[in-house]
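In: this is the structure alone, sequence omitted:
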């Protein structure tokens, strides 16, 4: 390949044959077994699906709050004149 005395046709054929081995190539080799990652994930998903079908949450429907009409009526003992904008008048004022 590097001998200049040889014909070009022969040198190019030698270069072509050596080209695959001139630079290193990186290759990955997969080792597939019974416990490869995909089968482990699929098995765990199947187990989780079985458990999700067995466990059922039983939640009681929420109860509506019922108020008596007396709670909504205004209290006659408290009128608007005795209340200040900050609250009832009988509350003591804090001094800072």
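Out: The structure has been received and is ready for your questions. These numbers were taken from a predicted model, which means no experiment stands behind them. Residues are numbered from 1 along each chain as shown.

In: only C-alpha atoms for contact and neighbour calcs from this point on.
Out: Fine.

In: what is the neighbour count of residue 72?
Out: 8 (other CA atoms under 10 Å).

In: roughly how far does it sit from residue 36?
Out: To residue 36, residue 72 is 68 Å away according to CA to CA, to the nearest Å.

In: ok, now residue 50?
Out: Counting by CA to CA, the gap from residue 50 to residue 36 is 22 Å.

In: same check, this time on residue 49
Out: 20 Å.

In: can you map out the strands along this protein?
Out: Applying DSSP state E to the chain gives strands spanning 83-84, 87-88.

In: going by neighbour count, list what's buried in stretch 65-73.
Out: Buried residues in stretch 65-73, counting neighbours by 16 or more other CA atoms under 10 Å, are absent.

In: how long is that stretch end to end?
Out: Terminal residues of stretch 65-73 are spaced 17 Å apart (CA to CA).

In: start at 460 instead
Out: Okay, using 460 as the starting number, the last item reads as stretch 524-532.

In: great, nothing more from me.
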